[in-house]
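Colleague: got a structure for you, letters missing:
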């Protein structure tokens, strides 16, 4: 096959350029036919970007099998065994390869988003405006959305890599769709970042109209990039749900599923359904800008509050999309490192679903100060505080699992414990925002910023690195260096706590969020200097991680066996994982987390006794 | 014992008859809601009719219950096992897509409340009938395929595609031209053109999907046992009809004209 000789990514990028030019020409041609002035920048660029993304998908080759099917040809499974390293650069159907592709893209996006943050943090520390207001706002907005897209892709990374392994499947239910979900995220990311070159945008990641209707052209690239990447999230969730329902190995009844899989189910339910509404809301603003449709323009009879409802209907549950897999990783790894059964397995499994379902009913707490109908505030306040109940179940389970355990502290365990502490800070700082009376004061201050950075760092970033350190040997056959890993943790964790606690502090003192400077007389500068130093330490810790990856790539300690003494099926076979996962069929014969109980088994291979 | 079994089997309608009966009920309900809305505009009753129609379509035309059938073959690589997985995937897709239309539906009532755009009632009921009729023929194609009657499947599918194109022509070719407002004329124009536009986009993809399947059907790519593509395209087509079951009353019937 010729296509395996060239790199899919490069082909895709070439086709994206062709597609963009085609789209520009297409709009111009239509305008000429309609006897309008031939060139209008905004529609041409939007349609160009859209065609660019579609052509990218064609170029990279993820549509090949479907096009063949449409032409009436058979499309058997690919044999990828002779593709070698090129698998990672092209449309591979193997969930392990796609998981690593997602992981790489997520780490790239994190690094980019982090650099944006460091740039504007430097300005806040000096309180000297070296960035123009639009530059500052663009970096601040892009920091938000690039991190969010990066988190969504990071979640797909670890769900894709681990879920089929954890349930003993050979691949995902729909491998072609899986490749499609990954590759659509690449042009989406490019389009999102291209907003910087097209005038930027100044709305923050929320893109509220009417400001987003007047913002520069970069706004459209933001909307289009997010809309396209939402398909990645939706289709990946669809695949995970179908895989878990249909491809579990023999004996894996619902309450013998690994706990991370329960978290993946809960996350996927939200991603599959609610994500459509952020896409819809953004497309409505795009249409308002392109065709003058008056959805959110009060003069035309529109309603700006409607956007906020549609937007937060996804964007609040989205934070549970971010944290549920992270909390799942915590529950998954904790028993391994304390050598004790997970306390209250069923309750923890159900708490993930509980958080996901309650999450659908709380979006209005982002809108207490928006001018929505006042009678809606109280029900949203109570539903919001209700989320604390299933979250509390998780904390109770973690504490009870650690209680009297034989604890060891390798790097993944440090990140797990750090995640619990930081997420606790995030959780405890939450109720003041969910309560109407206090939220009206805290709204739009740095307190909110501190709160959500704690929840996302504790609920996502630290567990994400825990998962990387834990499953790295499974992916590569080599271990990441322990000393560098511990350095990574001890730089990142404390710096994050200092950063967010100071954010909350200056928020309480009255520092507004999303501003590019402040009155020196307010005395915030010392806080900002300390926060910026902490932010740079976090950046340094990530560099330490990359150095670790680079150093252990060839010379790392070889780890082919069950180095964590885990009971999970993927550790019962050698690392790195064989091409088609499990050569012998698995059977689940016991409870998943009975660590320390003599004679108990979770899985056995068919034919073993 | 044997006799009674044969008797009950002969009394049960065949797939084709069942499809026709469901179509007749749907047609009566559609005509009913149209006439009813002319005289007495009470939205809860229109909503109830829509829910009833949607239930009939999901149960009889989209075979929702097939998702809960137990697997005939436990082998993961077998056709029948993969078929059930594919059905599940398609339904997840439909569920996800329904949220887009649900969002638009809610936006319509948020923006316009109980007023409706001033659009051509006769055209509205005509295109609705075309889509319903198209759904019936799509079902006929699928049932014929199950019975192994390929030539009837081809004929029915061709009619379904033709009616789908006629629906598109009615909405985009006529309605969009004769409507007394454009997309930039207020919230009413915005929501009307977006709802019909998003739906028309799905009709268009459905027509393309059905046409691909028709071409492969003519070239004998499917059999009575293995015709997942036919089933998938037809179920998607019914979903497009299902959306219109809610959009039609929301855009044409519910509410009064603005003063």
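Modeller: That came through, no problem. Quick caveat, the model's predicted, so the values are computed rather than measured.

Colleague: alongside chain B, which residues does the stretch 301-450 of chain A contribute?
Modeller: The stretch 301-450 of chain A has residues A:301, A:302, A:303, A:306, A:309, A:310, A:313 near chain B, with proximity defined as Cβ under 8 Å from any Cβ of the partner chain. In this view, the C-beta of every residue, glycine as well, is placed from N, C-alpha and C.

Colleague: contacts only, for the first one.
Modeller: Shown here is residue A:301, whose contacts under the criterion Cβ atoms under 8 Å, 6 or more residues apart in numbering or on different chains are A:294, B:111, B:186, B:187, B:188.

Colleague: same thing but at 6 Å, please
Modeller: Residue A:301 makes contact with B:186, B:187, according to Cβ atoms under 6 Å, 6 or more residues apart in numbering or on different chains.

Colleague: nearest to chain B, of the residues of the stretch 301-450 of chain A next to chain B?
Modeller: Nearest to chain B among those: residue A:301, at 3.9 Å, using Cβ to the nearest Cβ.

Colleague: what distance do you get for the closest one to residue B:112?
Modeller: 8 Å (Cβ to Cβ, to the nearest Å).

Colleague: then residue A:438?
Modeller: Counting by Cβ to Cβ, the gap from residue A:438 to residue B:112 is 36 Å.

Colleague: neighbour count for these two, which is higher?
Modeller: residue B:112 (22 against 14; other Cβ atoms under 10 Å in any protein chain shown).

Colleague: low-confidence ranges in the stretch 1-150 of chain B?
Modeller: For the stretch 1-150 of chain B, the stretches flagged by pLDDT under 70 are B:1-13.

Colleague: closest point of it to chain A, which residue?
Modeller: Closest point on the stretch 1-150 of chain B to chain A, by Cβ to the nearest Cβ, is residue B:99, at 4.0 Å.

Colleague: ok, which stretches of the stretch 51-200 of chain B are helices?
Modeller: B:79-112, B:121-146, B:150-168, B:176-178, B:186-218 (DSSP state H, counting those that start in this stretch).

Colleague: with distance to residue A:76 added, can I get those helices in a markdown table?
Modeller: As requested, those are exported to a markdown table (distance: least, Cβ to Cβ, whole Å):
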| stretch | distance to residue A:76 |
| --- | --- |
| helix B:79-112 | 13 |
| helix B:121-146 | 23 |
| helix B:150-168 | 25 |
| helix B:176-178 | 44 |
| helix B:186-218 | 17 |
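
Colleague: looking at these, which is closest to residue A:490?
Modeller: helix B:79-112 (42.4 Å; Cβ to Cβ).

Colleague: quick check: buried residues in that closest one?
Modeller: B:81-105, B:107-108, B:110-112 (16 or more other Cβ atoms under 10 Å in any protein chain shown).

Colleague: check stretch B:49-65 too.
Modeller: Quick answer for stretch B:49-65 (16+ other Cβ under 10 Å): B:49, B:50, B:53, B:54, B:56, B:57, B:58, B:60, B:61, B:62, B:63, B:64.

Colleague: which strand or helix spans the first one?
Modeller: Per DSSP states H and E: residue B:49 is located in helix B:43-56.

Colleague: which outside residues touch that helix?
Modeller: B:22, B:26, B:29, B:33, B:242, B:245, B:246, B:249, B:253, B:254.

Colleague: contacts for the lowest-mean-pLDDT helix or strand in chain A next, please.
Modeller: Least confident helix or strand of chain A, by mean pLDDT, DSSP states H and E, is strand A:603-605 with a mean of 85. Applying Cβ under 6 Å, 6+ apart, the contact partners of strand A:603-605 are A:569, A:584, A:586, A:587, A:588, A:589.

Colleague: over to stretch A:50-68?
Modeller: A:3, A:8, A:11-12, A:15-16, A:18-20, A:22-23, A:75, A:91, A:176, A:179-180, A:183, A:187, A:228.

Colleague: swap in 8 Å and give it another go.
Modeller: So stretch A:50-68 is contacted by A:3, A:8-9, A:11-20, A:22-23, A:26, A:74-75, A:90-91, A:176, A:179-180, A:183-184, A:186-188, A:191, A:224, A:228 (Cβ under 8 Å, 6+ apart).

Colleague: just stretch A:104-122 next, same as before
Modeller: A:88, A:131, A:136, A:139-140, A:142-143, A:146-147, A:149-151, A:153-154, A:157, A:182, A:185-186, A:189, A:193, A:516, A:528, A:531-532, A:535-536, A:538-539, A:542.

Colleague: change it to 6 Å
Modeller: So stretch A:104-122 is in contact with A:136, A:139-140, A:142-143, A:146-147, A:150, A:153-154, A:157, A:532, A:535, A:539, going by Cβ under 6 Å, 6+ apart.

Colleague: want to throw the residues you listed into TSV with pLDDT?
Modeller: Below are the contacts of stretch A:104-122 laid out as TSV (pLDDT from 0 to 100):
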residue	pLDDT
A:136	93
A:139	94
A:140	94
A:142	95
A:143	95
A:146	95
A:147	95
A:150	94
A:153	95
A:154	95
A:157	94
A:532	95
A:535	96
A:539	96
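
Colleague: what's the farthest-apart pair in the buried residues of stretch B:49-65?
Modeller: B:49 and B:63 (22.3 Å).

Colleague: hmm, back to that, check contacts around the residue of the stretch 1-150 of chain B closest to chain A.
Modeller: Per Cβ under 6 Å, 6+ apart, neighbours of residue B:99: A:273, A:276.

Colleague: state the distance from it to residue B:63.
Modeller: Counting by Cβ to Cβ - residue B:99 and residue B:63 are separated by 22 Å.

Colleague: swap in residue A:582?
Modeller: Going from residue A:582 to residue B:63 by Cβ to Cβ gives 34 Å.

Colleague: now do residue A:286
Modeller: 36 Å.

Colleague: what's the answer for residue A:423, then?
Modeller: Counting by Cβ to Cβ, the gap from residue A:423 to residue B:63 is 44 Å.

Colleague: okay, now residue A:253: neighbour count?
Modeller: Neighbour tally, residue A:253, other Cβ under 10 Å: 8.

Colleague: need the pLDDT of it.
Modeller: If you check residue A:253, the pLDDT there is 91.

Colleague: could you find the closest non-adjacent residue to it?
Modeller: Once flanking residues are discounted, residue A:253 sits nearest to residue A:588: 7.7 Å by Cβ to Cβ, 6 or more residues apart in numbering or on different chains.

Colleague: near chain A, which residues of chain B?
Modeller: Within chain B, the positions lying close to chain A (Cβ under 6 Å from any Cβ of the partner chain) are B:85, B:88-89, B:92, B:96, B:99-100, B:103, B:107, B:110-111, B:183-184, B:186-187, B:190, B:212, B:216, B:219, B:221.

Colleague: redo that, cut-off 7 Å
Modeller: For chain B, the contact set with chain A under Cβ under 7 Å from any Cβ of the partner chain comprises B:76, B:85, B:88-89, B:92-93, B:95-96, B:99-100, B:103-104, B:107, B:110-111, B:183-184, B:186-187, B:189-190, B:194, B:212, B:216, B:219, B:221.
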